[in-house]
Every structure is written in structure tokens, then in C-alpha cells.
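Asker: Need coordinates for the following:
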Amino acid sequence: MTGTILKEVKVIRPTIGVSAEKKLRVAAYCRVSTDSADQINSFMTQVKYYNDYIRISESMILVDIYADEGITGTSVKKRDEFQRMLKDSKNGKIDRIFVKSVSRFARNSLECIENIRLLKSYGTTVLFENDAIDTEKMNSEMILYIKSAFAQSEALAGSKRVSTAFRMKMETGNFITCTAPFGYRLENNMLILIPEEADIVKRIFQEFSAGKGCGKIASDFNNDPEMVNKPWTKEGVRYMLSNEKYIGDSLLQKTYTPAVLPLRNIRNNGEIDQYYVQNSHDAIISREVFEGAQRLLQKKKDKLITRCPPKKYGFSNHIFCGACGWCYKRHMQKGIAYWVCSQNGTAGKRCGTHNLTEESIIRTFMAMYNRLRQNEKEIVDDTLSQLTFLKSKVTSKNSDISEIDGELVALGEQNSMYIRLREKDIMDDISYMEQTAELQKRIAELRSRRLKILNEDDDECCIETLRKLKQQLSDLPAALFLYDHSIFKSLIRSVKVGTDDVLTFEFICGLKLRECVKWN
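Answerer: This next block holds a predicted model:
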């Protein structure tokens, strides 16, 4: 008979008390007024509100307040602070976001739902205070969709009202242009001739009709020390030659804003009505000269269309001029492939960078690659360590941000006090302006310093990409003896050509390495 085995159960007591719960990391998002004075007051008010609100709660800690100033709510792509908030959520810095209303968050219902889902995937919930919507407790997205749809409808209706008002003025010929083309000035809602500029417009049409190209005209103007409106470009001259304003007419509604989100102005290619107003202002050139220029422009355009489309080569859209930023293009001369700055020769411009043979670019890349592999530990591993170290420093700088926020709140209260004193006629306008000018200057300095500290927080994605580069290099040959373009494309985002005959290779991960050009 087998003896009974006594089981011994050992209880492992908790080392952390139940009451010591982790504090909820919260943030706030707002879009403030486009008016410069209101921006300061609105931002300061919301900083104070959320600081006071969170200070009385023992379970929350304020991460940051994200405020986009005077930016449209119909698209989140143009809102830098919104994008920074998404990045911080992705990096696990935010547990909860406070927003006053759905319309402050987004007026595009699709983007609203997509970003709520994205934040939820990062473990971040959103509370819309005025709408009483909490994504943490919400079982259905229907309520949020309806609220955002109302906000979207309001944005579209506002855009439609403005477009309709403009269109009605165009139909009656009473629409006033917002800007004056070269040769005119806008005065009392009328285009008034500027004699000196009008003479230049006449010269452009005369020289073009005589056979001079747009690029040559721009080049001559740029080389003329007495010429105004520099720098002149080939595209600018071509646009002037096709502008009906110079014969005293106005083509209205060349662009329009479709009733779809995001709201943006696009060229009208026949989608909606246009309005042509004859003799809307004084002409600079005759109709005969203008029509002759249009025929010549069309002839040049037809000739260009008949040419073969440009071929794409291995280095296309990868090599850029370090002097002007233009892209390099391929050029064949005596059977040798050269890469040259595409701005050279345009409107008489010349860059300080040299033309490169394709062979020299290949040789330089191979030299850079082999040097990278030989010093991989120092270049890649050390860079990775430095980025990791910089990221760890952010936590130590949280106290700096808190001090800045505290001073911003104090300055905001002081600014509000001056406003109240002026409203009660206790402080005159001159004294008010003197006092608030210094305040606003200090507030701008603090916000700039605050943003600089935040920007020093390296993105975790960059570190992860660098780790992927290290893994990628391990799968590539230890040295290159024959050029392989697939390796170049897998590693390099762009190559910048310097005036000192040095190529700067920017890797996809953001790492940059310089290498002297290896001439043939």
C-alpha cells in the first residue's frame, strides 16, 4: 500500500499594496481660435483648467496638452499637435485623452472613427466632455458617428454657403478678385494699372512672340540688375502669357472647393460652371497679341506631347543637389551616362555642384557601404545606443515641463487680470499693451522651450528602424565587389550632392553617412 503524500502549499504574499494603483496618464486635446490674442488666452485657460482638474484627482497625472491653433478640423493631417498626440499614444505614454467636444476632435466622421479605433488599439481611451461620450464605456460607435456626422455636416454647410455667395457674385459680375496679378494693384475693389510693371508685361509678350522661350526670358530678367520681381522663373513667365487678366478680362472660378472632406481647393477642369467677364478692368496688351501668344503656347505644348515620355533610371528621384535642392537627372554624352542638377540651365541658373558620372556614383556608394560594414559596430551599434539613451532622458525632463507649465499658468492668470483691469477702465490701453507685450513674449519663449524639450524625445519607431537596419545588414554581403542596385534601393532613401564633392547618403532609417566622390 502506497503511503499518503502530504502536499505543502506556500502562500506568496503580494509585495505591492492594492491601494498602490498605477496613476492614469491623461492628456487633453483642443483646437484654439485663429486670433492671436485669443490663442494665448484660450491655451492658458485650458492649461489651467486641466491642471486644476487633474490636481484634485489622486489617480491621474497630466502628460501634456495638445493644442492646434487655427487649423481646420476637416482633416487631421494638417494638425501637427494631433499627430504628435497619436505618436505619443502609440509609444504608450497616454492612457486617456480629454476633449471638450467631438467637433474639436474632428469634423470628418470617417477620420473621427478611424482615429478613435487607432487610439483604442494603442490602449488609449477618449472622453468627450460636452457630448458625454466615453470610448472606454461605449459599446457601439453609432453615437460617436452621429455626433461627428453633425460636425461634418456643419463644416460642409459652411463651405457651401461661402461658395454659393461667391457664385452669386460671379453670375452678376460683382465678384472681387482676392489678389492682383503682376502689373496691377488692388484698390477699392478694382484692378489698377502699375505703369512700370505693365511695361514689363508688354515686353514679355513681345519677346515671346518674337521667338524667345519662357526660360530665356526668365534668365534675361534675372541677369538684369534693374529688373523687379526677382527671381523670375520659366513657369511664372508661362503663366503670365496665358493670363486673360492682361487683356482686361476675368475668368472666374478657375478653382473650386468640392463638398467632400477634407475641404481643399482644386483646379476646375469643367466640373462646375466658370464665368468669363469681359472688360472687367483696364487691359495691358491687345487681344490680337494675346491670341497669338496662345497659339504659340499650344504649338509648343503639342510638340512636347509628341516626344517620348522620360525613362526612369536606377537613380531617378534619389539624387538631389545640395545647393538648390533640385533633383538630379540623367544625361548621355558621347556614350557616357552623367547625372546633372535639373535646375542648371533653367532661367539661366547654375549650381555649385558638379556633374557626376553614373560610374562615380556607383563607386562612391560601394566605398561607403564597405566602410559601413567594416565599422558597423561603431556606426550602427553606437548610434542605436545613443538614441536609446536620448529617449531615456525624457523621463528626467518631465520636471522641466512641469515647471514651464506652472509658469505658463501663472502668466495666463496675470494676462487675464490685465484684461479685467482694462475692461473696468482701471488700466488704459497704452499701459495694457506695455504690460501684455512682455507677457506674450515670455509665453512665446516658454512654449518654444517646451516644444524643444518634447522634440528631443526620439521616436521609438526610429530606434526600431535602426534595429531593422542592423538585422538587414546581417543578411547582406560583408563587402561589395560588384554593384547590386537592389542593395542600394533597400538601404538608401536619398543622396545629396555637396559643393565640396562629397555625397551624403541618407538611409531609410534616417542615418546619414558622407563619402568623398570616387571619380573614374
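Asker: what stretches of the stretch 351-500 of the chain score poorly on pLDDT?
Answerer: 387-401, 451-465 (pLDDT under 70).
Asker: All the strands of it, residue numbers only.
Answerer: 356-357, 492-497 (DSSP state E, counting those that start in this stretch).
Asker: got a list of what Gln343 touches?
Answerer: Residues near Gln343 by CB atoms under 8 Å, 6 or more residues apart in numbering: Cys321, Cys324, Trp326, Lys349, Cys351. (C-beta placed from N, C-alpha, C; glycine too.)
Asker: Select from those residues the one having the most neighbours.
Answerer: Neighbour counts for the contacts of Gln343 (other CB atoms under 10 Å) peak at Cys321, which has 21 neighbours.
Asker: Ramachandran coordinates for that one?
Answerer: Note on Cys321: backbone dihedrals following degrees, to the nearest 10 are phi -80, psi 130.
Asker: ok, Glu187 - how many residues close by?
Answerer: Neighbour tally, Glu187, other CB under 10 Å: 9.
Asker: related to what we said a few turns ago, closest one to Asn188 among the strands of the stretch 351-500 of the chain?
Answerer: Minimum separation from Asn188 across the strands of the stretch 351-500 of the chain (CB to CB) falls at strand 492-497, 49.5 Å.
Asker: hmm, back to that, would you reformat the contacts of Gln343 as TSV and include distance to Asn415?
Answerer: Listed next are those as TSV, based on distance: CB to CB, whole Å:
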residue	distance to Asn415
Cys321	47
Cys324	44
Trp326	46
Lys349	49
Cys351	49
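Asker: Pull out the buried residues from stretch 190-201.
Answerer: For stretch 190-201, the neighbour count (16 or more other CB atoms under 10 Å) marks Leu191, Ile194, Glu197, Ala198, Ile200, Val201 as buried.
Asker: Flag the helix or strand of this structure with the lowest per-element mean pLDDT.
Answerer: Here the helix or strand of the chain ranked lowest by mean pLDDT, DSSP states H and E is helix 142-172, holding a mean of 57.
Asker: For Leu24, which residues are in contact?
Answerer: Taking CB under 8 Å, 6+ apart, we find Leu24 in contact with Ser59, Met60, Ile61, Asp95, Arg96.
Asker: what residues are up against Tyr328?
Answerer: Taking CB under 8 Å, 6+ apart as the criterion, Tyr328 is in contact with Phe315, Ile319, Phe320, Cys321, Trp339, Val340, Cys341, Ser342, Leu356, Val497.
Asker: Among the residues you listed, name the ones in strands.
Answerer: Ile319, Phe320, Cys321, Trp339, Val340, Cys341, Leu356, Val497 (DSSP state E).
Asker: How many residues are close by Ile5?
Answerer: Neighbour tally, Ile5, other CB under 10 Å: 6.
Asker: Could you measure from it over to Val11?
Answerer: Look at Ile5 and Val11: by CB to CB, to the nearest Å, they are 20 Å apart.
Asker: Please apply the same query to Ser402.
Answerer: 41 Å.
Asker: same thing with Asn222?
Answerer: With CB to CB as the criterion, Asn222 and Val11 are 86 Å apart.
Asker: These two - which one has more neighbours?
Answerer: Asn222 (16 against 4).
Asker: Check which helix or strand the more buried one maps to.
Answerer: Here Asn222, judged by DSSP states H and E, is contained in helix 214-223.
Asker: next one: Lys518
Answerer: Using DSSP H and E, no helix or strand contains Lys518.
Asker: again, but for Thr504
Answerer: Per DSSP H and E: strand 502-507 holds Thr504.
Asker: and for that strand, what are the contacting residues?
Answerer: So strand 502-507 is contacted by 322, 361, 364-365, 368, 469, 491-498, 512-517 (CB under 8 Å, 6+ apart).
Asker: quick one on the thing from earlier: out of the strands of the stretch 351-500 of the chain, which gets nearest to Lys48?
Answerer: Using CB to CB, those put strand 492-497 closest to Lys48, at 43.4 Å.
Asker: what's in contact with the closest one?
Answerer: 315, 318-322, 328, 341, 353-354, 356, 361, 365, 503-508.
Asker: could you redo the last one with a cut-off of 6 Å?
Answerer: His318, Ile319, Phe320, Cys321, Gly322, Thr353, Leu503, Thr504, Phe505, Glu506, Ile508 (CB atoms under 6 Å, 6 or more residues apart in numbering).
Asker: which of the residues you listed lies closest to Arg449?
Answerer: Glu506 (28.9 Å).
Asker: Can you verify my assumption that Val277 contacts Gln253?
Answerer: No - here Val277 does not reach Gln253: they are 11.0 Å apart, not a contact under CB atoms under 6 Å.
Asker: And the strands in the stretch 151-300 of the chain?
Answerer: Along the stretch 151-300 of the chain, the segments classed as strands by DSSP E, counting those that start in this stretch run 184-187, 190-193, 250-252, 255-256, 266-267, 275-277.
Asker: and Phe208, how many residues sit next to it?
Answerer: Phe208: 22 neighbours (other CB under 10 Å).
Asker: now swap in Phe315 and tell me
Answerer: 23.
Asker: what about Ala437, distance to Met240?
Answerer: With CB to CB as the criterion, Ala437 and Met240 are 43 Å apart.
Asker: which of those two has more neighbours?
Answerer: Met240 (22 against 10).
Asker: Quick check: PyMOL command selecting the buried ones in the contacts of strand 502-507.
Answerer: Here is the PyMOL selection string for the buried members of the contacts of strand 502-507, based on 16+ other CB under 10 Å:
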select buried, resi 322+361+364+365+368+469+491+492+495+496+497+498+513+515+517
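Asker: if we can go back for a sec, determine which two of the contacts of strand 492-497 are furthest apart.
Answerer: It's Thr353 and Ile508 that sit farthest apart of those, by CB to CB, at 23.5 Å.
Asker: if you count what's nearby, which of the two comes out ahead?
Answerer: The neighbour comparison of Thr353 against Ile508 (other CB under 10 Å) goes to Thr353, with 23 against 15.
Asker: who does the closest residue to that one other than its chain neighbours bridge with?
Answerer: Closest residue in space to Thr353, ignoring its immediate chain neighbours: Val497 at 4.8 Å, by CB to CB, 6 or more residues apart in numbering. Note on Val497: beta-bridge partners by DSSP bridges are Cys321, Leu503.
Asker: Which one among the contacts of strand 492-497 sits at the bottom for pLDDT?
Answerer: Ranked by pLDDT, these bottom out at Ile508, which has 81.
Asker: what sits against that residue?
Answerer: Arg493.
Asker: rerun that using 10 Å as the cut-off
Answerer: Thr465, Lys468, Leu469, Gln472, Lys489, Ser490, Leu491, Ile492, Arg493, Ser494 (CB atoms under 10 Å, 6 or more residues apart in numbering).
Asker: Against Leu119, how distant is the closest residue to Leu511 other than its chain neighbours?
Answerer: Of all residues beyond its chain neighbours, the one nearest Leu511 is Thr383 (6.4 Å), with distances taken as CB to CB, 6+ apart. Look at Thr383 and Leu119: by CB to CB, they are 31 Å apart.
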